[in-house]
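> Any chance you can model this:
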Amino acid sequence: MSDKSRPLDRIDLTILDTLQKDGRISNVELAKKVNLSASPCLERVKRLENEGYIERYGAFLSAAMLKYGMTAFIQVTLDRTTADVFNHFRDEVVKIKEVAECHMVAGGFDYLLKLRFENMAAYREVLGIIVELPAVSQTHTYVVMEEVKKDAGIPITLRTQQKPSKASVLSRAPI
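Predicted coordinates for the structure are as follows:
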């Protein structure tokens, strides 16, 4: 990642928004969407990659089709919160393939894990591994019954757009 990143302009934001929605778009098609020729468009994409705005490319897979159709969130509380305990927990939790995400959080517990698994037997097996991780003192599990909204990426607002709608402002209002 470069230390010399410049502010993003409307074209950069449009490139990011377009790639986020369709990472397989050809450079020629992307260039048409942002009103550039192919070469300057590719240069911008490379710069956005080098500056760290684009972290990676990938595909969204069907968890159900791949036998990981169940999801649960597990709150993990550690018995002590020292740097070495955090590091050891982190080193071990990343090895568990069913852990899709792991977030250190502030509040009443230390980590929030998102798990994907095939069935309750598989869940019980992975929970047994998690409770044996270093310094884990307590867990609370929330099994997902219905996925209401999936991560659609970073909400990019183009500078040329109108003011946000009342609904979008309300959805971001603090509770």
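> switch to C-alpha atoms for all contacts and neighbour counts from now on
Noted.
> For this structure, which segments count as strands?
Using DSSP state E, the strands of the chain run over 70-78, 99-104, 111-117, 136-143.
> Centroid-wise, who is the farthest residue in the chain?
Relative to the C-alpha centroid of the chain, counting by CA atoms, centre = their mean, residue 37 is the outermost residue, at 31.5 Å.
> List the contacts of that one.
Taking CA atoms under 8 Å, 6 or more residues apart in numbering, we find residue 37 in contact with 28, 31.
> Over to the one 5 residues further on?
For residue 42, the contacting residues are 27, 31, by CA under 8 Å, 6+ apart.
> For it, give me the pLDDT.
Listed pLDDT for residue 42 reads 98.
> how far away is it from residue 127?
Applying CA to CA, to the nearest Å, the value for residue 42 to residue 127 is 46 Å.
> Could you export the strands of the chain as a markdown table, including distance to residue 27 and mean neighbour count?
Below are these laid out as a markdown table (distance: least, CA to CA, whole Å; neighbours: other CA atoms under 10 Å):
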| stretch | distance to residue 27 | mean neighbour count |
| --- | --- | --- |
| strand 70-78 | 36 | 20 |
| strand 99-104 | 31 | 15 |
| strand 111-117 | 34 | 21 |
| strand 136-143 | 41 | 14 |
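> JSON lines for those, including mean pLDDT?
Listed next are these as JSON lines, based on pLDDT from 0 to 100:
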{"stretch": "strand 70-78", "mean pLDDT": "98"}
{"stretch": "strand 99-104", "mean pLDDT": "97"}
{"stretch": "strand 111-117", "mean pLDDT": "97"}
{"stretch": "strand 136-143", "mean pLDDT": "98"}
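> Which of the ones you listed sits closest to residue 53?
Shortest distance between residue 53 and the strands of the chain, using CA to CA, is found for strand 99-104: 20.4 Å.
> From the contact counts, what lies against that closest one?
strand 111-117 (3 or more CA pairs under 8 Å, 6 or more residues apart in numbering; DSSP states H and E).
> Tell me which other helices or strands the strand it packs on touches.
strand 70-78, strand 99-104.
> strands paired with the first one, and their directions?
When pairs are called by DSSP bridges, strand 70-78 turns out to pair with strand 111-117 (antiparallel), strand 136-143 (antiparallel).
> What are the contacting residues of that strand?
Residues contacting strand 70-78 (CA under 8 Å, 6+ apart): 64, 109-119, 135-144.
> where does residue 151 land on pLDDT?
87.
> Would you quantify the distance from it to residue 71?
Distance, residue 151 to residue 71, using CA to CA: 14 Å.
> burial count for residue 54?
Neighbours of residue 54 under the rule other CA atoms under 10 Å: 15.
> Pretty sure it sits against residue 46.
No. Between residue 54 and residue 46 there is no contact under CA atoms under 8 Å: 9.1 Å.
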